[in-house]
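**Student:** Requesting a structural model of the entry that follows:
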Amino acid sequence: MLLIKKIATTILCLTAVLFFNASASMAAVYQVEINVSGLENADLAGFDLDLNYDDASLTFDTYVFTDELGSFDLGDVGDYSYGDNGAGVVNLCAISNLSEDDAVFDGQSASFVLATLTFIGDSLGEGFSLTIGSVSDNAAIDIESIIFTINVTTSPVPVPSAFALMSLGLMGLAGLSRKCKN
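**Tutor:** Next up is the predicted model:
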């Protein structure tokens with residue numbers, strides 16, 4: 001009977017510790033889409049943007065461009081991004097090497113997702129904002145009508161330490177049950 005009480009107390013303590021650590025250690029993955037619109041009378045061929053974020057709350061992970069300016073893999077577009085500049089700034093810069101007669105620009109939508117960035121953190125902090133350096137068409141003429149918007153989606157992800165703690169607790173329970181059988 002004393003052994004059963006010890007096991008029950010151990011399970012309750014581990015459950016409380018796991019619940020507290022898992023809820024206190026939750027991080028989130030933030031997918032940030034930079035959307036472009038207002039391209040009814042122009043084709044986007046080059047841009048230089050800075051995405052500003054709260055680096056006290058978030059850590060930059062990756063960025064991926066869409067192929068609306070051409071294929072990055074085939075060398076149609078040059079990626080001149082600096083990436084994370086530190087101090088809460090991610091620089092994105094690309095220039096298409098295609099001519100304005102290329103089929104990519106005939107099929108370019110008036111609005112599309114330009115890039116998707118991933119951040120990891122415990123909160124959005126102050127959120128995101130864009131600083132626009134330059135936006136141009138194939139003739140390197142600035143596009144005035146362009147509009148940028150930012151969409152953010154969040155996915156909660158437990159921090160690996162919570163998984164490690166839970167695994168240790170389960171191994172301890174398994175060892176305890178083995179000891180009780182013997």
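**Student:** partners of residue 94 in the sheet?
**Tutor:** residue 47, residue 79 (DSSP bridges).
**Student:** Wait, it touches residue 80, no?
**Tutor:** Yes - Residue 94 is in contact with residue 80 according to Cβ atoms under 8 Å; the separation is 6.5 Å. No exception for glycine: its C-beta is placed from N, CA and C like everyone else's.
**Student:** Among these two, which residue is more densely surrounded?
**Tutor:** Per other Cβ atoms under 10 Å, whichever of residue 94 and residue 80 has more neighbours is residue 94, with 21 against 12.
**Student:** next structured bit after the lowest-mean-pLDDT helix or strand in the chain?
**Tutor:** Lowest by mean pLDDT, DSSP states H and E among the helices and strands of the chain is helix 2-24, with a mean of 52. Where DSSP states H and E defines the elements, the next helix or strand beyond helix 2-24 is strand 26-37.
**Student:** residues of that next one that come out buried?
**Tutor:** For strand 26-37, burial by neighbour count (16 or more other Cβ atoms under 10 Å) applies to 27-28, 30, 32, 34, 36.
**Student:** Quick one: the residues you listed as a markdown table, columns for pLDDT and distance to residue 59 too.
**Tutor:** Below are these laid out as a markdown table (pLDDT from 0 to 100; distance: Cβ to Cβ, whole Å):
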| residue | pLDDT | distance to residue 59 |
| --- | --- | --- |
| 27 | 84 | 9 |
| 28 | 91 | 11 |
| 30 | 94 | 10 |
| 32 | 96 | 13 |
| 34 | 97 | 18 |
| 36 | 96 | 26 |
